[in-house]
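Chemist: Provide a 3D model corresponding to the input given below.
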Amino acid sequence: SAGDADDGQLAALEAELETYKHAFETTAADRDRLAAKLETYRYAFETTETDRNIHKQDAIDWKRAVAAFLDADDFKRALAANSPRRDPPPRSRRLGLPNVFCVGVQKSATSFLYSIIRNHPKITVYPKDISALKRLHETKSLTKYTEIAADLDVARPVIAQFEVGFIDYSPDGIKTIKEYLCENPRIIICLRNPIDRMISEYKMRVRTIRGNGTFVENHDFKDALTLERDRSVRDSREYHNHFAYTERSEYSKKLNAYMKAFGRENIYVTVMESDFSQNTNTTLAGIFNFLSLFDEEAFKLSLLGHDRYREATRVPSEIEIIFHLADGRRLCNPAGMEEVAGRNVVRLEVRSDVPAQLDISRDDPRPELLASAIHLKRRLTHEPSREEKRRLFDTYFRDDVAQLEKLLERDLSVWYGTYDDVAGSTPR
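Modeler: Prediction:
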């Protein structure tokens, strides 16, 4: 009836008014806090029932593993292997500023570590990757930190910040941390096989859409590496934000700068393949000890708080690309643009087996987006052969990894050992 329609319109208008009212009544810090909460709960709405069941089973398995670890002798061995560190991280220059930083490296299990650390009852954690460090480095203003800190529990002994691209700003970025935030903080740096890290970042760029409606990366992997130098010259900021695939996988000089600035005893380095993949619990025990927060109850609470990242870090492998035409028909997984030429595409839809990573629906898509979508599945599912990876390792990273081994006094054959038995590889 007309009355019902009027009531419905009134309710809609009241809801809209409430939305606008919120925008004016909340501070920027409030909105940042709400955005962080939204990111946490978004998983429940973006995944299918199958995905959620997988995640539930994964969580059950994880809790069993934690219980077994705490009940067994492994925990006692972890205690014995880590002489308890009693000195807490030094206080920051102002209340509420971080005194612990994870500065890198992208695609190296930093989100996993973040999901553990943020549950520790004595650690306050800034929202992940909010570019506050980058903004401070560029503007020399603490405004962003002040806004965020207003909503944090700043009385805890550890206030941590995860900004995992900031290591690329070394050595200049180190001065920013020292001068504005904390003179002698604890630093965590997560590393990964440079080839696998580079491929993982490339695939993230391939499936990410910019605000203007185009994919960030529109080239095949091999071409993207070839274009790195040209991209760095043409637009340095864009290059460092998105396309520094090989440069971001070169670790030794960056780590050396941090060690000289803060001291080796204040730097904790993890290697994803041997630490998080093979010795997760003992590695986490070492990190908590490094932060002077190693006790059984806090460790257990943090582990049991582990969330969606184990599942959400999967890369999509089952991908369907659908072009919706103006006449109501659909083109599914077209082989090339010639199938689309002359067609009026009104909507692009991309579905995958990991919706949290890849789930796209765009009305009136730009031609550039359609052209890239044609190649999306091939770019995401292609994996270089061992021989190709070996050539890449020799070309870009072998010397850097050798320097890193000396710097860390650590064997990194978990990386290059997979390539050195390939015919023609360079001997160690």
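
Chemist: element containing Glu387?
Modeler: helix 386-392 (DSSP states H and E).

Chemist: Buried ones in that helix, by neighbour count?
Modeler: By 16 or more other CB atoms under 10 Å, the buried positions in helix 386-392 come out as 389-392. Using the backbone N, CA and C atoms, a C-beta is placed for each residue, glycine as well.

Chemist: name the helices or strands packed onto the strand or helix carrying Thr176?
Modeler: Per DSSP H and E, Thr176 falls inside helix 172-176. If you count contacts as 3 or more CB pairs under 8 Å, 6 or more residues apart in numbering; DSSP states H and E, helix 172-176 packs onto helix 132-139, helix 252-262.

Chemist: between those helices, which gets the lowest average pLDDT?
Modeler: If you rank the helices and strands packed on helix 172-176 by mean pLDDT, helix 132-139 sits at the bottom with a mean of 92.

Chemist: Helix or strand, whichever it is, which one in the protein has the lowest mean pLDDT?
Modeler: Least confident helix or strand, the chain: helix 28-46 with a mean of 47, by mean pLDDT, DSSP states H and E.

Chemist: where along the stretch 251-400 of the chain do the helices fall?
Modeler: Using DSSP state H, counting those that start in this stretch, the helices assigned to the stretch 251-400 of the chain run over residues 252-262, 280-290, 296-304, 309-312, 367-381, 386-392, 398-408.

Chemist: Out of those helices, which gets nearest to Arg118?
Modeler: Closest of these to Arg118 is helix 296-304, at 8.4 Å (criterion: CB to CB).

Chemist: What residues sit buried inside the closest one?
Modeler: 298-299, 302-303.

Chemist: and what of stretch 390-399?
Modeler: By neighbour count on 16+ other CB under 10 Å, the buried set for stretch 390-399 is 390-393, 396-398.

Chemist: mind checking the end-to-end distance for that stretch?
Modeler: 13 Å (CA to CA, to the nearest Å).

Chemist: Closest one to Leu136 out of the buried residues of helix 386-392, please.
Modeler: Leu392 (34.7 Å).

Chemist: Can you pull the poorly scored residue ranges out of this protein?
Modeler: For the chain, residues meeting the criterion pLDDT under 70 lie at 1-59, 61-63, 65-66, 68-84, 305-314, 421-428.

Chemist: give me the number of residues near Tyr114?
Modeler: Burial of Tyr114 is recorded as 21 neighbouring residues (other CB atoms under 10 Å).

Chemist: and it, what does it touch?
Modeler: Contact analysis of Tyr114 by CB atoms under 8 Å, 6 or more residues apart in numbering lists 102, 125, 128, 162, 309.

Chemist: I'd say Leu348 and Arg362 touch.
Modeler: Yes: Leu348 is within contact range of Arg362, at 4.7 Å (criterion: CB atoms under 8 Å).

Chemist: which neighbours do those two share?
Modeler: Leu369.

Chemist: Between those two, which has more neighbouring residues?
Modeler: Leu348 (21 against 17).

Chemist: For Arg91, which non-adjacent residue is spatially closest?
Modeler: Excluding its sequence neighbours, the residue lying closest to Arg91 (CB to CB, 6 or more residues apart in numbering) is Asn99, at 6.3 Å.

Chemist: Which residues are in contact with that neighbour?
Modeler: Counting by CB under 8 Å, 6+ apart, Asn99 has contacts 89-92, 158-159, 181-182, 185-186.
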